[in-house]
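Trainee: Fold the following and give me the result.
(2 chains)
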Amino acid sequence: PDHLRFIRSYVSLQNARCYSVKHLSVQERIEKKRKAALTGGGQLRIAAQHKRGKLTARERLELLLDPDSFVECDMFVEHRCSDFGMEADHNKYPGDSVVTGQGRINGRLVYVFSQDFTVFGGSLSGAHAQKVCKIMDQAMMVGAPVIGLNDSGGARIQEGVESLAGYADIFLRNVMASGVVPQISLIMGPCAGGAVYSPALTDFTFMVKDTSYLFITGPDVVKSVTNEDVTQEELGGAKTHTTVSGVAHRAFENDVDALLNLRDFFNFLPLSNKDPAPVTECHDPRDRPVPGLDTIVPFESTKAYDMLDIVHGIVDEREFFEIMPNYAKNIVVGFARMNGRTVGIVGNQPKVASGCLDINSSVKGARFVRFCDAFNIPIITFVDVPGFLPGTAQEYGGIIRHGAKLLYAFAEATIPKITVITRKAYGGAYDVMSSKHLRGDVNYAWPSAEVAVMGAKGAVQIIFRGKENQAEAEAEYVEKFANPFPAAVRGFVDDIIQPSTTRKRICRDLEVLASKKQTNPWKKHANIPL
Amino acid sequence: MAAYRSAAGFQRVLHAVKHVCFSKQRCGVIICRYSTVYDPNEKTFDKILIANRGEIACRVIKTCKKMGIKTVAVHSDVDSSAVHVKVADEAVCVGPAPTSKSYLNMDAIMNAIKQTGAQAVHPGYGFLSENKEFAKRLAAEGVTFIGPDTHAIQAMGDKIESKLIAKAAKVNTIPGFDGVVKDAKEAVKIAGEIGYPVMIKASAGGGGKGMRIAWNDEETSDMGFFLSGHISDICANGFCWCLQVLADKHGNALWLNERECSIQRRNQKVVEEAPSTFLDPDTRRAMGEQAVSLANAVKYSSAGTVEFLVDSKKNFYFLEMNTRLQVEHPITECITGLDLVQQMIRIAKGYKLQHKQSDIPINGWAVESRVYAEDPYKSFGLPSIGRLSQYQEPLDLPNVRVDSGIQEGSDISIYYDPMISKLVTYGKTREEALKKMEDALDNYVIRGVTHNIPLLREIIVHPRFVSGVISTKFLPEVYPDGFKGHMLTAGERRELLATAAALYVAAQLRSQKFLGDLRVSVVPAESRQWELCVELDKSVHMLGVSRSGNNYTVSEIVQNITSLVEIDGEKVEVSGEWNLASALLPITINGKHRTLQCLLRTAAGEISLQYLGTSFKLRVLSKLAASLSKHMPEKVPEDTSSILRSPMPGSVVAVSVKPGDNVAEGQEICVIEAMKMQNSMTAAKTAKVKSVHCKAGDTVGEGDLLVELE
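Mentor: All right, here's what the predicted structure looks like:
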């Protein structure tokens, strides 16, 4: 019977072939569709895309992924719209307006989607959304990051609610994948309206300067509603979002620059929340002394220095991938490596606003700490903080609830936490900045550290209000509190260390803490003060 | 880190008994050898205060340690963690950053002496070193000034008096006018009589300060603030030689040979050597004897320097005498084996000289490069400031001495001299010393401030310098359009391109190595043939790289796109350790050993390499990335003609325009002063002033916006 079945199926296959010969053989149709898929919206539109200084969806993937590693998915998917003449053959593009699949970056798995502006302006159809959802589902199952290259005019208006549903399907997956696999959005063209919320839900949003925009509504609508005159660039360009709004985390010069930097950035990330942070080959000696750190903190406590000098000195090869370098510059966050191991760096920046914590810096820090905690990346915190920024602007803006985010993030984090107090650790801000009390694993103080409720002058004015000899009292306060001892004798810092040995100490601690296991009580989810 | 170090190999045999002194400094063991005897039984002082900062303070402290003398450093508040403070036994803060309030603050320094009980003061150079008032005050307190007597300082400090004394002592003096010029008119008249060029000196200027050369009437009358000067003719292509003398308080004096100090920019020395290539033994002796007779004439004691100008016919003329230890004294120490600081201390205590003139040798050759924090591409060196984020002296090399007062993490501030160090190399011959200097400059890691190594590295290999044809006009003559960095030959260009390509591949391969990660798919990249596009100076080269072990073979595979470099099908083999964390890149290119430095390497393929002293910007991209780059939009650079930015950190002396003014191209807009020099900033085009962002007295950083034009 098996034998017969084989013959029958063979015959039917022959019949099928005979039928299609009349038109095109399946093989030829496959070839034709593939070819069409590879050219997207056609040579004219590709030329127009290039003229705008942008690469095509496929060129971008080729550059982002290792050579010959891209495996495409859903190349034959077409949109299903039959209104407004969309059902016509010339309005169908195999693959529709997005290229999806998986590939490798330096040998490591990544799922990707790349919106194709040459097909209906990259607009999001039901089919487009379905393709994106498919790879996101798979990425979550196998545990690999998702990178989205956004270049889309928005919803496919012809499809109406189907397009909206598509967005929501993606949003849901963005949320489900959050904390499971790293998600990165690279905005390489327009991204407006509902579309902006997918990047906003992902872990990192990068932009390309001059050619990408992110906004809820464009300049025309803004004009008609609020009567403001604003250009696309001012409203939602890379500069706006990396300096003013804090929506984007970094901006790059052009497509090529952005994609090459993205490859570099990817190497810092673990593939999923079940994977450890990657360890790469390191040429920088783990016990390298950093003599420059012994003199970096100025004697006058009012004088600023650059926290980035400390970071660059300590990390492997001075390589620091800073996140949001131009937004809330009073806090520095980003990725680096210690003895080859990825770490997250958080540091107050004395050079900007004395390194105080305000609304923006708290939110910036909190989001970064939570990312690290979600993905097993140890955090090293450098503290030089005079406190929270006072004033009505901050209070009215809700510094209390925003500051609480950073406090919450550090407290909740269970990854290895190493803290170095380089100078000031004043008041509530001391508690917030990964203090021992928030389960800091290793907390160091440099000899220049001052852990106190406030600066000497303010403290003396309160303690000795109305008394004479304020200067004497101030000197006494400085002697007592403006040094690392009050914290050290109580065990709130584990050791007072020579700054030049900081790298060596941290490398050693990270090795010890690599096997750290800590869990928080069971909960459905926590309730961070949003 | 020890600031003043002298590596092994400086040992000179002077006495019958060879005496070697080892000294351990705080950070690392560096051996310093002088032939001088440090006799522990020869009692000098218990404690010396060094009224100076930086490298010279460190230099003096170093010898004090060898002599068993306790040291006191003085410092301004911004210098409180400076190296000279760390290496001294005690330190006293003498005031805030400006030198007038700290290092020149005699009251504070006198207090520091009292407070610490120092018995003697070494003034170093600059600051109070030639200040007779200071010497007097010390004498009044019974504190020894390690230097000449007040009388000698005063006599030699006055350009006119010194010349008269020299004349009387039968020292050759320059024909010309020796007197104070009343005004510009008279200056022009006298200059005309002498014949151009002429040199005008401020009567009480030290070193190169206040010395100006005028080539015509206009320049003479322009020198408004040098009116009270002294005119004499100068040889158009003069040499500047400094005769080191050493004299004790018992009427004994020695000359310790000459130093050739002709390579100068803005009348300040850059490269010095000892001995001079130009001087024959007879002239040397004649100069030495005249120098000694001048020293005797003013009853000089201590170390001093007699400067001579020499014309092409070897006629030499007395210029001035510096009554202090000079910056470039190490090269004399190298060829004579004497520790001049030790001699100064002994002499100050009243000991007789240990040596006779016949004891003074010329052993080998020594070259000194002054490494400055300055931008050599702007008028051979405009000061720059910053923090030394990485700093590594080439002390692993033999016969290299580095006198410095800074270390990794130090700040080069606007308050003080921007000298980073004095790099001295020594060899049996001049050639050997110069070769060593090449290596030393290549291995010197300085990051965080702009430095003049590109210029130094070019000078020492320039054919004219190598042949010894040096003059005070060397720089403007060799680089009439300003210094532009090293010009690559075709072969050097190939080496540079190949190194960048090999470095790129090494970095790419490493970025695929994850330790212990099982989820990395194995990429057979190791054996891959890489096709790369390397851009240098706007010309693009397609290179093929193949790798075996740590060796990379690079060849040009396709016709280069802009065809600026002819294809010769040559293969370049580059091998090395490829330690991507190291600042130094010691590699072998086609069998030749080279040390390059990697200054920058970004994810987007930018690579900056320091090669033959000059830093070159390259971009390495895969063939694919390069071909896609052609679609990238050209970014329009900021129009700089309407924006005036400060070229260096400094302070604004004067602003000559206000918003709404019309300025002509080339018109002065403001004056910026930084470290001893004033810089006139001019308009790049004729336009109306849109806005002024600075006012007189402001402190500005490099690149700060000063004035905007419409």
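Trainee: helix/strand/coil for the residue of chain A found nearest chain B?
Mentor: Nearest residue of chain A to chain B (C-beta to the nearest C-beta) works out as A:G292 at 2.6 Å. Backbone N, C-alpha and C define where each C-beta goes, glycine included. The local conformation at A:G292, judged by DSSP: H, G, I helix; E, B strand; the rest coil, is helix.
Trainee: In contact with it: list those residues for me.
Mentor: Contact analysis of A:G292 by C-beta atoms under 8 Å, 6 or more residues apart in numbering or on different chains lists A:D309, A:G313, A:S500, B:R387, B:L388, B:S389, B:Q390, B:Y391, B:Q407, B:E408, B:G409, B:S410.
Trainee: Could you turn the buried ones of those residues into a PyMOL selection?
Mentor: In PyMOL, this line selects whichever of the contacts of A:G292 come out buried by 16 or more other C-beta atoms under 10 Å in any protein chain shown:
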select buried, (chain A and resi 309+313+500) or (chain B and resi 387+388+389+390+391+407+408+409+410)
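Trainee: sec struct for B:G68, please.
Mentor: coil.
Trainee: How much space separates the nearest residue to it once chain neighbours are set aside from A:V346?
Mentor: Distances taken as C-beta to C-beta, 6 or more residues apart in numbering or on different chains put B:P40 closest to B:G68, at 6.1 Å, once the chain neighbours are dropped. Distance from B:P40 to A:V346, counting by C-beta to C-beta, to the nearest Å: 55 Å.
Trainee: Contact residues of the stretch 401-550 of chain B facing chain A?
Mentor: B:407-410, B:510-517, B:519-523 (C-beta under 8 Å from any C-beta of the partner chain).
Trainee: one more time with 7 Å, if that's ok
Mentor: Residues of the stretch 401-550 of chain B found near chain A (C-beta under 7 Å from any C-beta of the partner chain) are B:407-410, B:510-517, B:519-521, B:523.
Trainee: Which one of those residues is nearest to B:S548?
Mentor: Minimum distance to B:S548 across these is 16.5 Å, recorded for B:R510 (C-beta to C-beta).
Trainee: wouldn't the closest one be in contact with A:E281 here?
Mentor: Yes - if you go by C-beta atoms under 7 Å, B:R510 and A:E281 touch, sitting 5.4 Å apart.
Trainee: secondary structure class for the residue nearest to B:G68?
Mentor: B:P40 - assigned by three-state DSSP - is coil.
Trainee: Now for it, how many residues are close by?
Mentor: With neighbours defined by other C-beta atoms under 10 Å in any protein chain shown, the count for B:P40 comes to 9.
Trainee: B:S467 too?
Mentor: 9.
Trainee: measure it to chain A for me?
Mentor: Distance from B:S467 to chain A, counting by C-beta to the nearest C-beta, to the nearest Å: 41 Å.
Trainee: how close does that residue sit to B:N315?
Mentor: Taking C-beta to C-beta, one finds B:S467 at 22 Å from B:N315.
Trainee: try B:N679
Mentor: Taking C-beta to C-beta as the measure, B:N679 falls 36 Å from B:N315.
Trainee: mind listing what the closest residue to chain A within the stretch 451-600 of chain B touches?
Mentor: Using C-beta to the nearest C-beta, the closest approach of the stretch 451-600 of chain B to chain A is made by B:A581 at 3.7 Å. By C-beta atoms under 7 Å, 6 or more residues apart in numbering or on different chains, the residues touching B:A581 are A:H283, A:D284, A:D316, A:E317.
Trainee: domain ranges for chain B?
Mentor: B:47-149, B:184-232, B:490-511+B:525-630, B:643-709 (the TED database).
Trainee: before we move on, back to that, please check the residues of the stretch 401-550 of chain B next to chain A and keep the buried ones.
Mentor: When those are checked against 16+ other C-beta under 10 Å, the ones flagged as buried are B:Q407, B:E408, B:G409, B:S410, B:S511, B:Q512, B:F514, B:D517, B:R519, B:V520, B:V523.
Trainee: By pLDDT, give me the weakest of these.
Mentor: Among these, B:V523 carries the weakest pLDDT, at 61.
Trainee: quick one on the thing from earlier: neighbour-wise, which of the contacts of B:A581 leads?
Mentor: That'd be A:D316 among the contacts of B:A581, by other C-beta under 10 Å, with 24 neighbours.
Trainee: Does it touch A:R341 like I think?
Mentor: No - assessed by C-beta under 7 Å, A:D316 is found out of contact with A:R341, at 8.8 Å.
Trainee: circling back: so which strand or helix has the residue of the stretch 451-600 of chain B closest to chain A?
Mentor: For B:A581, there is no helix or strand it lies in under DSSP states H and E.
Trainee: same question, B:L599
Mentor: Remark: B:L599 resides in strand B:592-601, with elements defined by DSSP H and E.
Trainee: next one: B:G666
Mentor: Using DSSP H and E, B:G666 falls outside every helix and strand.
Trainee: Contacts only, for residue 387.
Mentor: Answering for chain A, as no chain was given. A:C356, A:Y426, A:G427, A:A429, A:M454.
Trainee: wait, I meant chain B there
Mentor: By C-beta under 7 Å, 6+ apart, the contact list for B:R387 reads A:D309, B:G409, B:D411, B:G448.
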